[in-house]
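Enquirer: Here is a sequence with its predicted model. Questions after.
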Amino acid sequence: MEYFEITGGTPLHGSITLQGSKNAALPLMAASILHPGRTTLHHVPAIRDVDVMIEILENIGCTVQKDKGTLIIDAAKAEHFEVAASLGERMRSTIILLGSMLGRAGRAKMPFPGGCIIGMRPIDIHITSLGKMGAVFEETDGMLCAETDGLCGTRIHLRFPSVGATENVILAAVYARGRTRIENCAKEPEIAELCRFLREKGAKIEGEGTSCILVEGVSHLRDSTYTLMPDRIVAGTYLFAAAATRGEICLEGMRPSDMESVLDVLGRMGAVYENREDGFYLDGRKAINPLPVVCTETYPGFPTDLQSQLLATLCVARGRSVIRECIFEERFRIAPWLNRMGADVTTDGREAVIEGKAHLSGQMVKAQELRGGAALVIAALMAQGITRVYGSAFIERGYEDLAGDLRKLGAVISKKKAER
């Protein structure tokens with residue numbers, strides 16, 4: 001098993017360029033199979049989830065050329081609209097292939113989604129919504145199978161503003177007959193990114209960023225080239241790492257407008273920041289304030305994908321903080337590991353109470369999911385002594401080069417392989 005070895009106690013300082021967005025790359029890659037032609041994507045992060053999606057696309061029949069941060073996907077010969085269980089179970093995002101496959105071929109078959117264990121992530125919203133458009137679902141030998149004689153536009157009101165369900169309905173609606181009206185849809189920046197990408201390919205979409213998106217079905221799309229947005233969750237991770245270590249960093253390429261709730265939290269902790277010509281600057285030297293209550297919410301609220309990183313950072317705040325997790329019920333799986341490092345975190349259901357300590361101590365800890373793993377790295381950066389964070393593969397699902405980026409900011413971190 002590979003692990004990160006980190007010697008803590010060094011404030012982060014310096015400048016790095018942000019990677020492309022994981023949560024934008026995967027839906028855009030899924031969307032590429034709608035068009036029997038070429039899609040070129042720039043600024044694609046070199047992460048494990050992207051590699052898995054490339055394997056899935058190739059198994060479907062696409063050809064994929066990869067050159068550094070650029071992917072060229074040709075879906076002209078895509079004809080095998082089934083996701084192998086061995087691939088689909090490795091990440092949650094395979095579910096967004098449903099809309100594209102039904103739109104392109106009228107059929108889809110895939111395992112139920114895998115990925116990180118952070119709580120129940122039901123797909124009933126996906127199935128109900130696509131069913132209203134004319135898809136029929138059944139479970140066969142543990143696989144989810146879907147067929148349609150033709151998707152039709154309709155009014156769909158999501159009972160919860162699910163990002164994945166919103167993406168799936170958008171993708172299915174591109175070729176559907178008539179107009180699809182999606183109400184109570186997700187407002188995340190990655191949704192807007194998908195809509196902009198599809199418009200570049202010739203889709204007719206409006207309303208992204210609001211709670212109602214309209215999609216008018218079209219008969220065909222076209223070849224296109226698109227550059228992905230920066231990853232706001234990676235940006236938030238590095239900002240919290242700077243606050244936790246009382247450092248100063250500059251992030252090139254960050255979009256502050258996508259992160260207002262995160263910046264509000266950092267400001268209340270005592271961090272000072274500004275958007276400069278050379279990037280987004282944060283001074284975390286006085287980020288010591290506890291937070292009475294922070295609740296995770298759908299966008300534009302505080303993101304659940306940054307809750308673990310905030311939790312780790314608050315372990316050394318001067319006082320009591322409370323976090324309420326309102327999206328996923330098992331986001332506090334890192335609490336025992338943080339306590340092993342000397343933190344004082346008490347969890348009760350969806351609430352965590354953090355009593356700030358003067359410092360943490362290096363220990364051997366284990367990542368069990370993507371964002372919790374990144375949070376353990378933050379804890380290690382501010383701990384005294386050496387910490388080993390095992391389970392680095394989880395972290396590499398979403399971070400292109402976490403160790404390399406942190407080294408550029410002055411951290412003492414390396415990736416090693418455990419002896420057998």
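Expert: Received the coordinates, thanks.

Enquirer: By mean pLDDT, flag the weakest helix or strand of the chain.
Expert: Across the helices and strands of the chain, mean pLDDT, DSSP states H and E gives its lowest value to helix 85-88, namely a mean of 84.

Enquirer: Which positions within that helix qualify as buried?
Expert: Neighbour counts over helix 85-88 (16 or more other CB atoms under 10 Å) mark 87-88 as buried. In short, each C-beta sits where N, CA and C put it, glycine included.

Enquirer: do the same with stretch 409-420
Expert: 409-411, 413, 415.

Enquirer: Show me the residues you listed that map onto strands.
Expert: 413, 415 (DSSP state E).

Enquirer: Of all pairs in the buried residues of stretch 409-420, which one is the farthest apart?
Expert: Every pair in the buried residues of stretch 409-420 was compared (CB to CB); the two farthest apart turn out to be G410 and K415, at 17.1 Å.

Enquirer: circling back to that earlier point, the least confident helix or strand of the chain packs against which elements?
Expert: Packing partners of helix 85-88 (3 or more CB pairs under 8 Å, 6 or more residues apart in numbering; DSSP states H and E): helix 48-60, strand 107-111.

Enquirer: Quick check, pLDDT for the residue of the chain most remote from its centre.
Expert: For the chain, the residue at maximal distance from the C-alpha centroid (CA atoms, centre = their mean) is D149, at 33.0 Å. pLDDT recorded at D149 is 96.

Enquirer: repeat for R177
Expert: pLDDT, read off for R177, is 98.

Enquirer: burial measure for it, as a count.
Expert: Using other CB atoms under 10 Å, R177 is surrounded by 15 other residues.

Enquirer: residues in contact with the nearest residue to it once chain neighbours are set aside?
Expert: Nearest residue to R177, sequence neighbours excluded (CB to CB, 6 or more residues apart in numbering): C152, at 5.0 Å. Taking CB atoms under 8 Å, 6 or more residues apart in numbering as the criterion, C152 is in contact with 133-134, 176-178.

Enquirer: Between all of the residues you listed, which two are separated the most?
Expert: Within those, G134 and G178 form the most distant pair, 11.0 Å apart (CB to CB).

Enquirer: ok, the two, which is more surrounded?
Expert: A side-by-side neighbour count of G134 and G178, using other CB under 10 Å, places G134 first with 19 against 13.

Enquirer: What pLDDT does the model give the more buried one?
Expert: The model's pLDDT for G134 equals 98.

Enquirer: so it sits in a strand?
Expert: No. Applying DSSP: H, G, I helix; E, B strand; the rest coil, one finds G134 to be coil, outside a strand.

Enquirer: Quick check: it touching A146?
Expert: No. Using CB atoms under 8 Å as the test, G134 is too far from A146 to be in contact (10.4 Å).

Enquirer: which neighbours do these two share?
Expert: Applying CB under 8 Å, 6+ apart, one finds that no residue jointly contacts G134 and A146.

Enquirer: Quick check: L214 vs S224, distance?
Expert: L214 is 21 Å from S224, where distance means CB to CB, to the nearest Å.

Enquirer: would TSV of the helices and strands packed on helix 85-88 with mean neighbour count, distance to A186 and mean pLDDT be doable?
Expert: Converted to TSV, the helices and strands packed on helix 85-88 look like this (neighbours: other CB atoms under 10 Å; distance: least, CB to CB, whole Å; pLDDT from 0 to 100):
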stretch	mean neighbour count	distance to A186	mean pLDDT
helix 48-60	20	19	95
strand 107-111	20	21	94
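
Enquirer: Make TSV from the ones you listed and add distance to T7 to it.
Expert: TSV is the format used below for these (distance: least, CB to CB, whole Å):
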stretch	distance to T7
helix 48-60	26
strand 107-111	41
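
Enquirer: And those: which comes nearest L41?
Expert: Closest among the helices and strands packed on helix 85-88, using CB to CB: helix 48-60, at 9.8 Å.

Enquirer: the inter-axis angle of the closest one versus strand 107-111?
Expert: Going by axes from the mean of the first three to the mean of the last three CA atoms, to 10 degrees, helix 48-60 is angled at 130 degrees with respect to strand 107-111.

Enquirer: Quick check: which helices or strands does helix 48-60 pack against?
Expert: Identification of packing neighbours for helix 48-60 by 3+ CB pairs under 8 Å, 6+ apart yields helix 22-31, strand 63-67, helix 85-88.

Enquirer: what does that helix rub up against?
Expert: Applying CB under 8 Å, 6+ apart, the contact partners of helix 48-60 are 22, 25-26, 29-30, 32-33, 44, 64, 66, 71, 73, 75, 78-84, 87-88, 90-91, 93-94, 97, 393, 396-398.

Enquirer: then that helix to CSV, C-alphas only?
Expert: Output of helix 48-60 as CSV, limited to C-alpha atoms (Å, rounded to 0.1, in the frame of the first residue of the first chain):
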residue,chain,number,x,y,z
ARG,A,48,-7.6,8.2,-11.4
ASP,A,49,-11.3,8.9,-12.0
VAL,A,50,-10.5,10.4,-15.4
ASP,A,51,-8.4,7.3,-16.2
VAL,A,52,-11.3,5.0,-15.3
MET,A,53,-13.7,7.1,-17.5
ILE,A,54,-11.2,6.8,-20.4
GLU,A,55,-11.3,3.0,-20.0
ILE,A,56,-15.1,3.0,-20.0
LEU,A,57,-15.2,5.2,-23.1
GLU,A,58,-12.7,2.9,-24.9
ASN,A,59,-14.8,-0.2,-24.0
ILE,A,60,-17.8,1.5,-25.4
